[in-house]
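*Asks:* okay, structure incoming, though there's no sequence with it:
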């Protein structure tokens, strides 16, 4: 499924002319983004969303096309992806809605896709998550990986490199090196969104034709930049350290995903060591 850049969807499949660089730069309407995002997320003509900046990666575009081709999941369509002055731009469908934590039954469809036999991005490249970043592009850190043990060893290795770069030492990092590959095992690769927080689930109000009551339905799942083939525990365990336990969202998560408390606890240790 890899394609060469620039990528543009056929004109007949577009809802209107693609925004030009001047229109993008002058766009006043922005969407919320993480504080470390390092770019912009703008709405153009209530039709397009353009995501661009130094931390934007091609994986999100690959993932959107993969979802469109392989699944029936509500997700933005990719309209274009290109570089302008060395900055990647991703032009997507604008889907109106509000962010809300809600049960999302389509996850079962994602996880039912045949396993590809590796752990990595949708185009068989490195794992698209910051825990697998390597300045030297060391495949022992970035992947893709053939085994889950290699996947776990890469996280431990990345931890050791991070602490070394800080001229410091972490005994917790030593613990991960000793135990992470063996503690997390027997999890096949499954297609994973990778960032299933309630802010990334867009919902809209609809009226039930039978009861005439208002209810919510899922409009789209957004932010596919870290999507790929991960061990089956990743979707749940990766968000486990960020659960705040101040409302019923953790209980909703367990309706969406199979709860894996032991794997979640191990990822909490990873989070404590890596997010310093």
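*Replies:* Yes, it's here. As the structure is a computational prediction, the values presented were derived from the model and not from experiment.

*Asks:* start and end of stretch 97-110, how far apart?
*Replies:* One end of stretch 97-110 to the other measures 22 Å (C-alpha to C-alpha, to the nearest Å).

*Asks:* what mean pLDDT does that stretch get?
*Replies:* Average pLDDT, stretch 97-110: 59.

*Asks:* just stretch 206-220 next, same as before
*Replies:* Per-residue confidence for stretch 206-220 averages out to 78 on the pLDDT scale.

*Asks:* for that stretch, measure first residue to last.
*Replies:* Start-to-end, stretch 206-220 (C-alpha to C-alpha) is 14 Å.

*Asks:* did I read that right, residue 203 in a strand?
*Replies:* Yes: note on residue 203: a strand contains this position according to DSSP: H, G, I helix; E, B strand; the rest coil.

*Asks:* can you tell me who it pairs with across the strands?
*Replies:* Taking DSSP bridges, one obtains residue 98, residue 218 as the residues bridged to residue 203.

*Asks:* shouldn't it be in contact with residue 214?
*Replies:* No: counting by C-beta atoms under 8 Å, residue 203 sits too far from residue 214 to count as a contact (11.7 Å). (C-beta placed from N, C-alpha, C; glycine too.)

*Asks:* compare those two and say which is more crowded by neighbours.
*Replies:* Neighbour count, other C-beta atoms under 10 Å: between residue 203 and residue 214, residue 203 has more, with 19 against 9.

*Asks:* now do that one, the pLDDT please.
*Replies:* Among the per-residue scores, residue 203 shows a pLDDT of 79.

*Asks:* in the stretch 51-200 of the chain, where is pLDDT below threshold?
*Replies:* Counting by pLDDT under 70, the stretch 51-200 of the chain has low-confidence residues at 98-108.

*Asks:* what about the strands in this structure?
*Replies:* Under the criterion DSSP state E, the chain carries strands at the ranges 7-8, 40-44, 48-52, 78-84, 87-93, 98-99, 189-192, 201-207, 214-221, 228-231.

*Asks:* now render those strands as JSON lines, adding distance to residue 251.
*Replies:* Shown next, in JSON lines, are the strands of the chain (distance: least, C-beta to C-beta, whole Å):
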{"stretch": "strand 7-8", "distance to residue 251": "40"}
{"stretch": "strand 40-44", "distance to residue 251": "30"}
{"stretch": "strand 48-52", "distance to residue 251": "31"}
{"stretch": "strand 78-84", "distance to residue 251": "34"}
{"stretch": "strand 87-93", "distance to residue 251": "31"}
{"stretch": "strand 98-99", "distance to residue 251": "18"}
{"stretch": "strand 189-192", "distance to residue 251": "21"}
{"stretch": "strand 201-207", "distance to residue 251": "15"}
{"stretch": "strand 214-221", "distance to residue 251": "17"}
{"stretch": "strand 228-231", "distance to residue 251": "23"}
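
*Asks:* tell me which of those sits most buried.
*Replies:* Counting by mean count of other C-beta atoms under 10 Å, strand 228-231 has the highest mean neighbour count of the strands of the chain, with a mean of 26.

*Asks:* so what touches it?
*Replies:* The contact list for strand 228-231 (C-beta atoms under 8 Å, 6 or more residues apart in numbering) reads 59, 63, 115-116, 118-122, 127-129, 144, 148, 151, 184, 187-192, 194.

*Asks:* filter those to the buried ones?
*Replies:* Buried residues within the contacts of strand 228-231, defined by neighbour count using 16 or more other C-beta atoms under 10 Å: 59, 63, 116, 118-122, 127-129, 144, 148, 151, 184, 187, 189-192, 194.
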